[in-house]
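Participant: Pasting the sequence and the predicted model now:
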Amino acid sequence: MHAIRQHEFGPAETLRYQEVPDVVPAAGQLRIAVRAAGVHLADTMIRKGQSGGPFAPPELPMTPGREVAGVVDQVGDGVDASWIGKRVVAHLGFTSGGYAELAVVSAASVHETPDGLTDEVAVASIGTGRTAAAILEIAAITGDDVVLVPAAAGGIGSLLVQAGRNAGAYVVGLAGPSKVDIVRKLGADAAVDYTADGWAEAVREALGGREVTLLLDGVGGEAGRAAWDLVGIGGRVVLFGWSSGDPLEVTTDALYERGLTVTVAVGPRVLKRPGGLRGLETIAIAEAAAGRLVPLVHQPYALADAAAAHRALENRETTGKVVLKP
């Protein structure tokens, strides 16, 4: 089989397309002939030898990737052979091996892909979708909310915009200049280029006297701070990362100043929730299959072009979920 292999930490060029021995499922595992592999921002951090959220730098050499969709072509001991031939999607957890033509995973981790759901959308749902589901569970958006979403054309942001639209909230999406039209098409009431000077004032104008009641921020840094300043008295802030490289700093004084509520939607909390991560995956897949929260997918890259996919993601040249196609 062919796979992406990484023998050293460093730039995107460390990702090499190579021929390697076929993986074989162990007891309790099944093997997936991969049709779509998800690329996550955490993958780019791990590639550099940095901590990718909960993922510690792995031992090298390794094959990156933790999200796959495809068809089961082999099962290990103790796994029902009826899985063979079924379309499935799975998150590989704290292991790796997704950037490959074949991947093995615990049979308990797979979901059967619903009819009508493409492999690309399924693989976006299993990772990005489950994170969005965790955020939305905490956010509890209502029709009375005014929601502000930075990085609104990204994999998670695009789902949050859709959720706000579905709830009847007033949604303002922030995106780069080439992506604001996409955010409007997703259902945002207003879309603002947050790379432009004075963008915060443009948001205030778009609000027309409304106050932001809910900020959903996974960007942090200067943009996250400017978005924070737009939240009205008694507002809610849900944090789920810092793609800018700098987490949003929150002080007790800042909370008391406007009576804000701040919640972190990812991390240990989701592991302790009833149903855990698998429950969130089930929700995300069902929402996508029903057409309510459909992940936005960037034009897929060939597996051999994984380095180019990483560079594009890091340079913010992508829209929605980045996917590799073996």
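Facilitator: Thanks, I have it.
Participant: Going by C-alpha atoms from here, please, whenever you check contacts or count neighbours.
Facilitator: Will do.
Participant: The most centrally placed residue in the chain: what secondary structure?
Facilitator: Nearest to the mean C-alpha position of the chain, by Cα atoms, centre = their mean, lies Thr128 at 2.8 Å. Three-state assignment for Thr128 (DSSP: H, G, I helix; E, B strand; the rest coil): helix.
Participant: Please name the spatially closest residue to it (chain neighbours excluded).
Facilitator: Ile156 (5.9 Å; Cα to Cα, 6 or more residues apart in numbering).
Participant: Now do that neighbour: how many residues are near it, please.
Facilitator: 27 (other Cα atoms under 10 Å).
Participant: any idea how far Val231 is from it?
Facilitator: Separation of Ile156 from Val231 (Cα to Cα, to the nearest Å) stands at 20 Å.
Participant: Next: Ala107.
Facilitator: In terms of Cα to Cα, Ala107 sits 44 Å off from Val231.
Participant: separation between Ser244 and Gly221?
Facilitator: Taken as Cα to Cα, the span from Ser244 to Gly221 is 6 Å.
Participant: what's the helix or strand for the residue nearest to Gln74 when sequence neighbours are not counted?
Facilitator: The shortest distance from Gln74 to any non-neighbouring residue, by Cα to Cα, 6+ apart, is to Arg31 (5.1 Å). Here Arg31, judged by DSSP states H and E, is contained in strand 29-39.
Participant: Count the neighbours of the residue nearest to Gly259 when sequence neighbours are not counted for me.
Facilitator: In space, and not counting its chain neighbours, Gly259 is closest to Gly234: 4.9 Å by Cα to Cα, 6+ apart. Gly234 sits with 16 neighbouring residues when counted by other Cα under 10 Å.
Participant: just Arg292 next, same as before
Facilitator: Neighbour tally, Arg292, other Cα under 10 Å: 14.
Participant: Kindly state the pLDDT recorded for it?
Facilitator: Arg292 is assigned 96 on the pLDDT scale.
Participant: my read is it is in a helix, agree?
Facilitator: No - read with three-state DSSP, Arg292 is coil and lies in no helix.
Participant: quick one on the thing from earlier: please list all residues in contact with the residue nearest to Gly259.
Facilitator: Thr213, Arg258, Gly259, Leu260, Thr261 (Cα atoms under 8 Å, 6 or more residues apart in numbering).
Participant: Helix or strand: which one has it?
Facilitator: strand 231-239.
Participant: what's in contact with the following helix or strand past that strand?
Facilitator: With elements assigned by DSSP H and E, the helix or strand that comes after strand 231-239 is helix 252-258. With contact meaning Cα under 8 Å, 6+ apart, helix 252-258 is reached by Gly232, Ile233, Gly234, Gly235, Leu260, Thr261.
Participant: For helix 252-258, what does the pLDDT average out to?
Facilitator: Computed over helix 252-258, the average pLDDT equals 92.
Participant: same thing with stretch 239-249?
Facilitator: If you average the pLDDT over stretch 239-249, you get 90.
Participant: Going by neighbour count, which residues of that stretch are buried?
Facilitator: Going by neighbour count (16 or more other Cα atoms under 10 Å), the buried part of stretch 239-249 is Leu239, Phe240, Gly241, Trp242, Ser243, Pro247, Leu248.
Participant: How about stretch 113-132?
Facilitator: 113-114, 117-132.
Participant: about what we covered before: of the contacts of helix 252-258, buried ones?
Facilitator: Of these, these count as buried by 16+ other Cα under 10 Å: Gly232, Ile233, Gly234, Gly235, Leu260.
Participant: Compile these into a markdown table and extend it with columns for distance to Gly78.
Facilitator: Below are the buried ones among the contacts of helix 252-258 laid out as a markdown table (distance: Cα to Cα, whole Å):
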| residue | distance to Gly78 |
| --- | --- |
| Gly232 | 56 |
| Ile233 | 57 |
| Gly234 | 54 |
| Gly235 | 51 |
| Leu260 | 51 |
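Participant: Check these and tell me the two furthest apart.
Facilitator: Largest separation among those by Cα to Cα: Gly232 and Leu260, giving 8.3 Å.
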